[in-house]
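Peer 1: Predicted structure and sequence below. I'll ask about it afterward.
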Amino acid sequence: MRLLLHICCAPDATTAYKRLSGSGEVVGYFFNPNVQPYEEYLKRRQALEKLSSIWNFDVFYPPYDPDEWFKTVRGLEDLPEGSMRCKACIAFRLRKSALFAKENGFDAFATSLTTSPHKDVNFTNDIGTKLAKKIGTTYIPSAFRKNNGFLESVNYCKSLGIYRQNYCGCVFSLPKVKV
């Protein structure tokens with residue numbers, strides 16, 4: 001099986017990639033126009049480039065263009081983490097991943113988003129399944145954080161020297177600096 005793995009960040013990709021790689025060829029797809037500022041996007045991309053080089057797997061890096069993402073979350077900016085803004089963001093990125101998988105002959109797609117304890121696994125799997133059906137591909141549901149998956153990702157990053165971010169990614173989730 002040839003599987004496209006939507007990767008939100010290198011830390012979450014570690015567990016997802018390790019757990020999926022036994023079932024066939026896993027190719028990464030780093031589609032994250034939600035990540036700001038651009039310097040943070042580059043840090044996360046470089047971390048994934050390092051990981052994919054160490055573990056020897058391919059990753060597609062579509063152009064970074066946050067404009068469509070900002071249109072997707074317009075009107076939801078003031079909502080808290082885990083709200084409709086985050087659901088719209090996840091749906092947007094999974095839709096693009098499903099389309100890419102379909103257009104490029106992948107048998108299925110999955111996402112590393114379910115490694116994080118901060119994401120809604122049920123929503124992510126539900127929307128992935130619905131989008132796959134609508135687009136005409138297959139989504140592989142997951143809960144990579146189960147069975148110590150998140151802890152595994154922390155340990156992989158420590159041992160490999162992989163950058164771990166301290167916020168989800170979008171400008172609205174940036175930690176507030178206390179003065």
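Peer 2: Yep, that arrived.

Peer 1: residues in contact with residue 76?
Peer 2: Residues in contact with residue 76, defined by Cβ atoms under 8 Å, 6 or more residues apart in numbering, are 83-85, 88. (C-beta placed from N, C-alpha, C; glycine too.)

Peer 1: now it, what's its secondary structure?
Peer 2: coil (DSSP: H, G, I helix; E, B strand; the rest coil).

Peer 1: In contact with the residue nearest to residue 19 when sequence neighbours are not counted, which residues?
Peer 2: Using Cβ to Cβ, 6 or more residues apart in numbering and skipping residues adjacent in sequence, the residue nearest residue 19 is residue 144, 6.2 Å away. By Cβ under 8 Å, 6+ apart, the contact list for residue 144 reads 12, 15-16, 19, 112, 114-115.

Peer 1: helices or strands next to whichever helix in the chain runs longest in the packing?
Peer 2: Longest helix in the chain by number of residues (criterion: DSSP state H): helix 84-103. Judged by 3 or more Cβ pairs under 8 Å, 6 or more residues apart in numbering; DSSP states H and E, helix 84-103 is in contact with strand 2-6, strand 25-29, helix 67-72, strand 108-111, helix 121-135.

Peer 1: cutoff 6 Å now
Peer 2: strand 108-111, helix 121-135 (3 or more Cβ pairs under 6 Å, 6 or more residues apart in numbering; DSSP states H and E).
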